[in-house]
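Q: I would like to see how this sequence folds:
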Amino acid sequence: MPARRVLLVASIDIPERVLDLLRVQGLEVDIIKVPDVIFRPPSKLLETISKGWEEAYDKVVVPGSYPWDLSHLGGKIVKGPEAPGLLPEAIAEVGLDGLSPSLSFEKAHPEALSRAATKTLSRLRAGDFLSTSPPPVRVLAEIMIDDDDDVDEIKMSARQVASDGADAVVLAPVGGNRSQRTSLEALRGLKGSMSVVLGLDGPTELLREAVKAGATLLLSLKALKALDEDLSWAKDSYVVLLAEDEGDIEAADRAVRRLKSIGVRPVLDPVATPPVSPGLRGTIDRLHMLSSIDAPKMIGVSNVVELMDADTSGSTALMVSLAAELGVSGLLVEEASPKARGLVSEARAAADMAMLSLAWLKPPKDLGVSLLEGKVKLKTIEVSGVTIRLEGRDEVVVNYMGMELKASCRGDYLALVEQLGLSGRALAEVSVALYRACLPWSSGKPGVEVP
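A: Residues are numbered from 1 along each chain as shown. So this is what the prediction gives:
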């Protein structure tokens, strides 16, 4: 079967690895780069494409973000994904002829997008546990252990965070000697029974015992201290080096080379600080200073998101995106406060979004994975036979069995539910959907009133 010829109209450079994946699918690919393609209406687009394109190519593929409908051009000019990195997966899922002239791949084939995301994440997660640069992006769930904590409860918590997507479970004794003994016992009980990496956060003498108990992720040592201390006992383990001040940052490269020479796997941690005061900027600066060192970087996500009175789903998504941009491949996460319950699951989703963004060369939007736990994304949603439409800035319109009701999100919007006469599960689901549709007003007036 002869190769099909495709012309890609691209607004950015397309990496060779993407083109190779298209060629493997039996496509001959030519590229024309048009940085402002999304501002060119169909008539101007046709002027841009070389003469004789209809005979020369089986398909012309424009970016999925192209705003005009191209259906009137006979189906030979179609829309791919919103970014070129996803194109091989898109064609693998729906075929070249499955691409739409009117909608992006993401909008036309949401189920195929989800399948592509699942396959891509499976491939990306198969890499090294912690790599020098992402992907993969790993979630390291830390569990605090106190003196009165029970071993069985610790093991249950470890299995829960693993089921929420943690790639590693790190036990952190914060009490006295008893919490340390309990942590070691829990490690021994978990060893061999879980597929995730096990770790411990504690003093050096305890880390030695943790290695014997099954830990291979060890937190933490100052980078300066790692220059002189005998760490041969940690061979084949990941050892986290703190680089939070000038001395540690200057010593980091030498410490990394020394640890590698004795078979230890170093990981650099710039020690994240909360936003504004003392400020996240210093964390970003330290990551920049460490970026040239050939070692994985990790960051304490909870140091940032737990110290903000904001929903952790949004702050985690932004923090993880920034971290991935800066070369971080490990996310240390702790669920220390009520608002952080489920943070491991949120970090998993944020990590997956970051990995797909890096692989597909697109912003963390329309990836088949999301962290939209509060606000709704679409203008119209349907639940339990009820259609809810968002209008203006702060209104909703509800349609149900011929009734159309309208309300302001600033008022008693839930009165609509009473008028619908719903009960049971439908009542609960529609109430929740209306609450989400009316955020932020439905949560109470946000902010502080200033006279």
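
Q: Which residue is the nearest non-sequential neighbour of Gly98?
A: Nearest non-adjacent residue to Gly98, counting by Cβ to Cβ, 6 or more residues apart in numbering: His109, 7.1 Å away. No exception for glycine: its C-beta is placed from N, CA and C like everyone else's.

Q: I'd like the distance from the one you found to Pro35, if you could.
A: Using Cβ to Cβ, to the nearest Å, His109 is found at 27 Å from Pro35.

Q: again with Pro266
A: 41 Å.

Q: ok, the two, which is more surrounded?
A: Applying other Cβ atoms under 10 Å to Pro266 and Pro35 shows that Pro266 carries more neighbours, namely 25 against 9.

Q: just to revisit the earlier point, let me see the contact set for the residue nearest to Gly98.
A: 90, 93-94, 98 (Cβ atoms under 8 Å, 6 or more residues apart in numbering).

Q: same check, this time on Ala407
A: 395-396, 398, 413, 415-416.

Q: which of the residues you listed lies closest to Leu206?
A: Tyr413 (54.3 Å; Cβ to Cβ).

Q: Quick one: mean pLDDT over stretch 340-350.
A: For stretch 340-350, the mean pLDDT works out to 97.

Q: What are the phi and psi values at the closest residue to Gly247 other than its chain neighbours?
A: Spatial nearest neighbour of Gly247, chain neighbours left out: Leu224 (5.4 Å); criterion: Cβ to Cβ, 6+ apart. Backbone dihedrals for Leu224, given as degrees, to the nearest 10, come out at phi -60, psi -40.

Q: quick one: Arg23 and Val29 touch, right?
A: Yes. Contact between Arg23 and Val29 holds when scored by Cβ atoms under 8 Å: they sit 6.7 Å apart.

Q: of those two, who's got more company?
A: Val29 (20 against 13).

Q: Can I take it that the more buried one is in a helix?
A: No. Using DSSP: H, G, I helix; E, B strand; the rest coil, the secondary structure at Val29 is strand, not a helix.

Q: thought it was touching Leu21?
A: No. At 10.2 Å, Val29 does not count as touching Leu21 under the criterion of Cβ under 8 Å.

Q: pLDDT weak spots in the chain?
A: Where the chain drops to pLDDT under 70, the residues are 1, 445-451.

Q: what's the longest helix belonging to the chain packed up against?
A: Counting residues, the longest helix found in the chain (DSSP state H) is helix 343-360. Helices and strands touching helix 343-360, by 3 or more Cβ pairs under 8 Å, 6 or more residues apart in numbering; DSSP states H and E, are helix 110-125, strand 138-145, helix 301-305, helix 312-325, strand 328-334.

Q: what residues does the shortest one touch?
A: Residues external to helix 301-305 that are found in contact with it (Cβ under 8 Å, 6+ apart): 142, 271-275, 280, 283, 312, 315-316, 319-320, 323, 331-336, 340, 343, 347.

Q: 7 Å instead?
A: With contacts defined as Cβ atoms under 7 Å, 6 or more residues apart in numbering, helix 301-305 is touched by 272-275, 280, 312, 315-316, 319-320, 331-334, 336, 340, 343, 347.

Q: Buried ones among the residues you listed?
A: In terms of neighbour count (16 or more other Cβ atoms under 10 Å), the buried residues within these are 272-273, 275, 280, 312, 315-316, 319-320, 331-334, 340, 343, 347.

Q: Return the residues in contact with the residue nearest in space to the middle of the chain.
A: Residue closest to the average C-alpha location in the chain (Cα atoms, centre = their mean): Ala350, at 2.3 Å. Contacts of Ala350 were listed using Cβ under 7 Å, 6+ apart, and they are 316-317, 320, 371.

Q: Please dump the residues you listed into JSON lines; it should also carry distance to Pro2 for every row.
A: Shown next, in JSON lines, are the contacts of Ala350 (distance: Cβ to Cβ, whole Å):
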{"residue": "Thr316", "distance to Pro2": "49"}
{"residue": "Ala317", "distance to Pro2": "45"}
{"residue": "Val320", "distance to Pro2": "45"}
{"residue": "Leu371", "distance to Pro2": "45"}
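
Q: Among those residues, which one lies nearest to Ser114?
A: Leu371 (15.3 Å).

Q: Would you confirm that that closest one contacts Ala349?
A: Yes. Leu371 lies in contact with Ala349 (Cβ atoms under 7 Å); the separation is 5.1 Å.

Q: related to what we said a few turns ago, put together TSV for the contacts of Ala407, with neighbour count and distance to Gly199 on each row.
A: Below are these laid out as TSV (neighbours: other Cβ atoms under 10 Å; distance: Cβ to Cβ, whole Å):
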residue	neighbour count	distance to Gly199
Glu395	17	50
Val396	22	47
Val398	22	50
Tyr413	23	47
Ala415	10	52
Leu416	21	50
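
Q: These in helices, which ones?
A: Using DSSP H, the subset of these located in helices is 415-416.

Q: What is the most widely separated pair among the contacts of Ala407?
A: Greatest spatial distance in these: Glu395 and Ala415, 13.8 Å, computed using Cβ to Cβ.

Q: Please give the per-domain residue ranges for this structure, including any split domains.
A: Listed domain ranges for the chain are 4-108, 138-360, 380-443 (source: automatic domain parsing).

Q: which residues does Glu429 contact?
A: Counting by Cβ under 7 Å, 6+ apart, Glu429 touches 383-384.

Q: Where does it fall, secondary structure wise?
A: Taking DSSP states H and E as the definition, Glu429 sits inside helix 424-437.

Q: Distance from that helix to the middle of the chain?
A: Remark: helix 424-437 is offset 27 Å from the chain centroid, using Cα atoms, centre = their mean, to the nearest Å.

Q: Likewise for stretch 374-381?
A: Mean-position distance between stretch 374-381 and its chain equals 20 Å (Cα atoms, centre = their mean).

Q: What are the contacting residues of that stretch?
A: 311, 313, 387-390, 433, 436-437, 439.

Q: Show me which of those residues are buried.
A: 311, 313, 388-390, 433, 436-437.

Q: Adding distance to Ser291, write these out as TSV.
A: Formatted as TSV, these follow (distance: Cβ to Cβ, whole Å):
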residue	distance to Ser291
Asp311	30
Ser313	28
Ile388	46
Arg389	47
Leu390	42
Ala433	44
Arg436	39
Ala437	42
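
Q: I'd like to know which of these is nearest to Gly444.
A: Closest approach between these and Gly444, by Cβ to Cβ: Asp311, at 13.7 Å.

Q: Could you measure from the residue nearest to that closest one when sequence neighbours are not counted over to Thr312?
A: Nearest residue to Asp311 in three dimensions, chain neighbours excluded: Gly374, at 6.2 Å (Cβ to Cβ, 6+ apart). Distance, Gly374 to Thr312, by Cβ to Cβ: 11 Å.

Q: Same check on Leu356?
A: Distance of Leu356 to Thr312, given as Cβ to Cβ: 20 Å.

Q: now swap in Ala226 and tell me
A: 32 Å.
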